[in-house]
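K.L.:
predicted coordinates and the sequence they were generated for:
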Amino acid sequence: MDYWRTPIDAQDIGVTRGIVYILEDRCKGCGYCIEYCPKKILEFSKEFNSKGYHYPAPFVGDDCVNCHYCEIICPEFAIFSMEAPASP
């Protein structure tokens, strides 16, 4: 998207990337993480966990910005993200 102006230091600001980890057996399939993810990178998996729920799975690999919102909103502490290693 083109803007009519950009910040002077826009090229110097790096956006962190994250890797989403799901503890499948803790998930109860509420879908909060899927609904409220700002980048919309999660979807329900086709598989079931041991409790019989569809757990979330990331379907877009590199779009996570490591905001940790999925961790904050999950009532079961079943999901978290960590910063992805910087690629050379």
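P.N.:
In hand now; what should we look at?

K.L.:
just the CA atoms of stretch 57-68, as PDB, please.
P.N.:
Output of stretch 57-68 as PDB, limited to C-alpha atoms (Å, rounded to 0.1, in the frame of the first residue of the first chain):
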ATOM      1  CA  ALA A  57      -3.200 -24.400  13.800                       C
ATOM      2  CA  PRO A  58      -1.300 -21.700  12.000                       C
ATOM      3  CA  PHE A  59      -2.000 -21.800   8.300                       C
ATOM      4  CA  VAL A  60       0.200 -18.800   7.300                       C
ATOM      5  CA  GLY A  61       3.800 -19.400   8.300                       C
ATOM      6  CA  ASP A  62       5.600 -16.100   8.300                       C
ATOM      7  CA  ASP A  63       2.900 -13.600   9.100                       C
ATOM      8  CA  CYS A  64       3.000 -13.900  12.900                       C
ATOM      9  CA  VAL A  65       4.300 -10.600  14.400                       C
ATOM     10  CA  ASN A  66       4.800 -12.100  17.900                       C
ATOM     11  CA  CYS A  67       2.300  -9.800  19.600                       C
ATOM     12  CA  HIS A  68       1.500 -12.500  22.200                       C
END
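
K.L.:
can you list the buried residues in that stretch?
P.N.:
Neighbour-count burial for stretch 57-68, counted by 16 or more other CB atoms under 10 Å, picks out Ala57, Pro58, Cys64. (Each C-beta comes from the backbone N, C-alpha and C, glycine too.)

K.L.:
show the average pLDDT along it.
P.N.:
For stretch 57-68, mean pLDDT rounds to 86.

K.L.:
what's the neighbour count on Lys39?
P.N.:
Neighbourhood size, Lys39 [other CB atoms under 10 Å]: 13.

K.L.:
quick revisit: mind putting the buried residues of stretch 57-68 into a markdown table with distance to Phe48 and secondary structure?
P.N.:
Formatted as a markdown table, those follow (distance: CB to CB, whole Å; DSSP: H, G, I helix; E, B strand; the rest coil):
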| residue | distance to Phe48 | secondary structure |
| --- | --- | --- |
| Ala57 | 12 | strand |
| Pro58 | 18 | strand |
| Cys64 | 24 | coil |
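
K.L.:
for these, which one is nearest Tyr3?
P.N.:
When those are compared for distance to Tyr3 (CB to CB), Cys64 comes out closest, at 24.0 Å.
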